[in-house]
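**Student:** sequence and predicted structure are below.
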Amino acid sequence: MIDGEKKHLYRYKKTADYKLTTLHPYELGLYKEKFLKLAKKVKKTDPHFELIKKVCDALIMFDTVEEDLVPSDSLLREFIG
């Protein structure tokens, strides 16, 4: 996905007629519990441990958003199942 973004999106970013932000304000609260659960499995010896810890500390400030509040036809379902 990242390679596709680099190849097909980012290189045209400066010449685009329109820019669209697709972030939903509640996304962080939606992903919070899944991320925190996965983060518990990361060992202190992992080179990304400190970054993951910072993200966890930041996510704690967000209210959790329950997945069942996301409509079944929402594109967010692609990321949460």
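**Tutor:** Thanks, I have it.

**Student:** check which helices and strands the helix or strand in which E78 is found sits against.
**Tutor:** In the assignment (DSSP states H and E), E78 maps to helix 77-80. On a contact count with 3 or more Cβ pairs under 8 Å, 6 or more residues apart in numbering; DSSP states H and E, helix 77-80 meets helix 27-39. Bear in mind the C-beta positions are built from the backbone N, C-alpha and C, glycine included.

**Student:** any idea of the angle the next helix-or-strand element following the helix it packs on forms with helix 27-39?
**Tutor:** Remark: after helix 27-39, the chain's next helix or strand is helix 49-59, criterion DSSP H and E. Put simply, helix 49-59 runs at 140 degrees to helix 27-39, going by axes from the mean of the first three to the mean of the last three Cα atoms, to 10 degrees.

**Student:** for helix 49-59, what does the pLDDT average out to?
**Tutor:** Regarding helix 49-59, the rounded mean pLDDT is 96.

**Student:** residues in contact with that helix?
**Tutor:** Applying Cβ atoms under 8 Å, 6 or more residues apart in numbering, the contact partners of helix 49-59 are L28, K32, F35, L36, A39, V42, K43, D46.

**Student:** biggest separation within these, which pair?
**Tutor:** Using Cβ to Cβ, the contacts of helix 49-59 span at most 24.5 Å, a distance reached by L28 and K43.

**Student:** more neighbours: which of those two?
**Tutor:** Higher neighbour count among L28 and K43: L28, with 18 against 6, using other Cβ atoms under 10 Å.

**Student:** confirm for me that that one is in contact with F62.
**Tutor:** Yes. In terms of Cβ atoms under 8 Å, L28 counts as a neighbour of F62; the distance is 4.8 Å.

**Student:** now do stretch 36-43: distance to the chain's middle.
**Tutor:** Relative to the centre of its chain, stretch 36-43 is centred 15 Å away, using Cα atoms, centre = their mean, to the nearest Å.

**Student:** and what of stretch 48-67?
**Tutor:** 11 Å.

**Student:** low-confidence ranges in this structure?
**Tutor:** Applying pLDDT under 70 to the chain flags the ranges 1.
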